[in-house]
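K.L.:
Generate coordinates for the sequence data below:
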Amino acid sequence: MYEHKKISRRKALSTIGKIAITAVVAGAVAGVGGYYVGSAIAPAKTVTKKITITTKVGTPTTVTKTVAGTPTTITKTVTKTVTKTITQTPTYVFKPKKRYKWGLAPYYIDDDWYRTDVMGAKYYADMRGYELVVQNPHGKIEEQIKQIRYMVTGMGIEGLIVTPCDLVVIVDTLEWVKDQGVPIIATFYDVDTDAVDLSIIPDFHFIGKRMAEELIKRAKKDGVGISGPVFIVTGPSVDYQSKTLTEGEMEYLKNYPDLEVIRLECPNWGTDEAISRVVEGYHGYGRPFAILANNMTTGVGIVEGVKTAGIAVPRGKEGHVYLASFDGCKSIQDAMEEGLLDCFADIANPHIDCIAQDLLCIIKEQGVDALPDVGTTIISDPSKPFGPQPDGTWNLPQAQKTIKGVNPWALAPWAPAKVTMYKNYHRRLNTGASIVIPETLPEFKKYSWVKLVEAWLG
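P.N.:
Numbering: from 1, shown residues only. So this is what the prediction gives:
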């Protein structure tokens, strides 16, 4: 195992464009509905279907026949088959009482993934009738604090959505925001304060397990023995995303005693670092059975790493090294189509900052206690009414609209999502993700953030 010095989360954030929020949605398409493993529903749409109904017509008729010389009475019921067309449309109603002004404070908006996420949040606000104010601190906590205070005092926001640039330094500011009567939802990272009403965090532990599971399933399908070195190429050890993904991956892989799991750290999430770790790992431990990467840049790095090491073999060929990545950028999708990558995960984009706006609306209109209780599973099904369901789930359907040829809200890859408690501070919504494999990639590409970049950013 390679050991590297630890660096602060702040340094990691400012060193590379897309680290912990490198969203990796991973999911297997479930049938023609086109939704992914981890999703609660198929795309929301009006469905027209035909049903056949057989009904009795008139009254029974008695007929007397002579059979073999013996009179026989037969009672006949005439039936008629009718085909009806039934149209099913979404039934939920969610209508804010007024045009609320929300403030969005991301930690930066300096790469394409985050740009589409913020654009989607703005489009969503328009659909719902909200006003969304966005500030960009470029990863600098000092700027984020200034911007948040200005949004509250100078712009009059009525709710705050924040992804902190620094989890500790931000606390005093969030407690001040709460004192001003402004509800707060934290996204992607959590904060140790009860000033936050709810956090929405991808369930990285579950995602890590699913990534590892898909690699093992693929190898078994290929008839390959589950043994040998497995490299987990991580980010800095202090980073929550990397740490939690690694824990999930290792939890699943420990079920296979013939695997030797080696953690290779990339302190700066660098592609060059990942390439070097793969090459060094190969020379130190031998040809790996599998390699997993915990963000986009290291994902690209492990693909280039097996090429540099001379061990890049297409899927289905002897000697193939099974690869998985957290993120579905274009390079990762291309590597899957080339047969080098077997699985990637991608978190919901732009959904999280969208549903945060609806949850703020619930807090404003009904109070924080109206949010789903701890232990509740939230689904997103437009064919069901809004709110609590008879089976104990809680339905939060998304507004949706096709914008410039793409409707990312046709899917709900964040659902089902479980409500938990974060350190006794506040409720946390652990969101799902999509796990993409070669068979499901074509459908996934229609809704992925890469498609949003092409359509929305040109």
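
K.L.:
What's the first helix or strand after the helix or strand where residue 364 lies?
P.N.:
Using DSSP states H and E, residue 364 maps to helix 351-366. Of the helices and strands lying after helix 351-366 in sequence (DSSP H and E), the nearest is strand 377-379.

K.L.:
helices and strands around that following strand, which ones?
P.N.:
Packing partners of strand 377-379 (3 or more Cβ pairs under 8 Å, 6 or more residues apart in numbering; DSSP states H and E): strand 394-395, strand 417-422. For glycine as for every other residue, the C-beta is placed from the backbone atoms N, C-alpha and C.

K.L.:
ranking those strands by burial, who's on top?
P.N.:
Mean neighbour count (mean count of other Cβ atoms under 10 Å) peaks for strand 394-395 among the helices and strands packed on strand 377-379, with a mean of 20.

K.L.:
so what secondary structure elements neighbour that one?
P.N.:
Using 3+ Cβ pairs under 8 Å, 6+ apart, the elements in contact with strand 394-395 are strand 377-379, strand 387-388.

K.L.:
can you pull out the helices in the stretch 151-300 of the chain?
P.N.:
170-179, 204-221, 240-253, 271-285, 296-309 (DSSP state H, counting those that start in this stretch).

K.L.:
Among the ones you listed, which comes closest to residue 434?
P.N.:
helix 204-221 (9.5 Å; Cβ to Cβ).

K.L.:
Mind listing what's buried along the closest one?
P.N.:
Across helix 204-221, burial judged by 16 or more other Cβ atoms under 10 Å covers 204-216, 218-219.

K.L.:
Ok, stretch 171-188 next?
P.N.:
Neighbour counts over stretch 171-188 (16+ other Cβ under 10 Å) mark 171, 173-174, 177-178, 182-188 as buried.

K.L.:
now for the helices and strands packed on strand 377-379, which one comes closest to residue 341?
P.N.:
That would be strand 417-422 among the helices and strands packed on strand 377-379, by Cβ to Cβ, at 26.8 Å.

K.L.:
now the helix or strand following the closest one, how far from the chain's geometric center?
P.N.:
Moving toward the C-terminus from strand 417-422, the next helix or strand (DSSP H and E) is strand 426-431. Distance of strand 426-431 from the chain centroid (Cα atoms, centre = their mean, to the nearest Å) equals 14 Å.

K.L.:
Pull the residues that contact strand 426-431.
P.N.:
190, 193-194, 196-203, 206, 347-348, 352, 371-372, 374, 378, 414-415, 417-422 (Cβ atoms under 8 Å, 6 or more residues apart in numbering).

K.L.:
Kindly reformat the helices and strands packed on strand 377-379 as CSV containing mean pLDDT and distance to residue 279.
P.N.:
Output for the helices and strands packed on strand 377-379, formatted as CSV (pLDDT from 0 to 100; distance: least, Cβ to Cβ, whole Å):
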stretch, mean pLDDT, distance to residue 279
strand 394-395, 96, 48
strand 417-422, 97, 39
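
K.L.:
Of the helices and strands packed on strand 394-395, which shows the lowest average pLDDT?
P.N.:
Across the helices and strands packed on strand 394-395, strand 387-388 has the smallest mean pLDDT, namely a mean of 93.

K.L.:
Could you list the single helix or strand in the protein with the lowest mean pLDDT?
P.N.:
Within the chain, no helix or strand scores below strand 29-30, which has a mean of 29 by mean pLDDT, DSSP states H and E.

K.L.:
quick one: which of the buried residues of helix 204-221 is nearest residue 110?
P.N.:
residue 204 (22.3 Å).

K.L.:
coming back round to it: between the helices of the stretch 151-300 of the chain, which one is nearest to residue 316?
P.N.:
Of all the helices of the stretch 151-300 of the chain, it is helix 204-221 that lies closest to residue 316, at 10.0 Å by Cβ to Cβ.

K.L.:
So what's the gap between the closest one and the chain middle?
P.N.:
The answer for helix 204-221 is 16 Å, by Cα atoms, centre = their mean.

K.L.:
Kindly report the same for stretch 384-397.
P.N.:
Distance, stretch centre to chain centre, for stretch 384-397: 20 Å (Cα atoms, centre = their mean).

K.L.:
Just the buried positions in that stretch, please.
P.N.:
384, 386, 393-397.

K.L.:
do stretch 422-429 as well
P.N.:
Quick answer for stretch 422-429 (16+ other Cβ under 10 Å): 422, 426-429.

K.L.:
On the secondary structure side, give me the element for residue 121.
P.N.:
helix 112-128.

K.L.:
and of the buried residues of helix 204-221, the nearest to residue 98?
P.N.:
residue 204 (36.0 Å).

K.L.:
Just list the residues touching the residue found closest to the closest one once you drop the neighbours it is linked to in the chain, thanks.
P.N.:
Nearest in space to residue 204, with sequence neighbours left out and distances taken as Cβ to Cβ, 6 or more residues apart in numbering, is residue 244 at 3.9 Å. Residues in contact with residue 244 (Cβ under 8 Å, 6+ apart) are 204-205, 208.

K.L.:
For these, give me a markdown table that also has distance to residue 237 and pLDDT.
P.N.:
What follows is the contacts of residue 244, written out as a markdown table (distance: Cβ to Cβ, whole Å; pLDDT from 0 to 100):
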| residue | distance to residue 237 | pLDDT |
| --- | --- | --- |
| 204 | 14 | 95 |
| 205 | 16 | 96 |
| 208 | 15 | 97 |
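
K.L.:
any idea which of the residues you listed is the one closest to residue 356?
P.N.:
Nearest member of the contacts of residue 244 to residue 356, counting by Cβ to Cβ, is residue 204, at 18.2 Å.

K.L.:
doesn't residue 239 make contact with that closest one?
P.N.:
No. Residue 204 is not in contact with residue 239 according to Cβ atoms under 8 Å; the separation is 10.3 Å.
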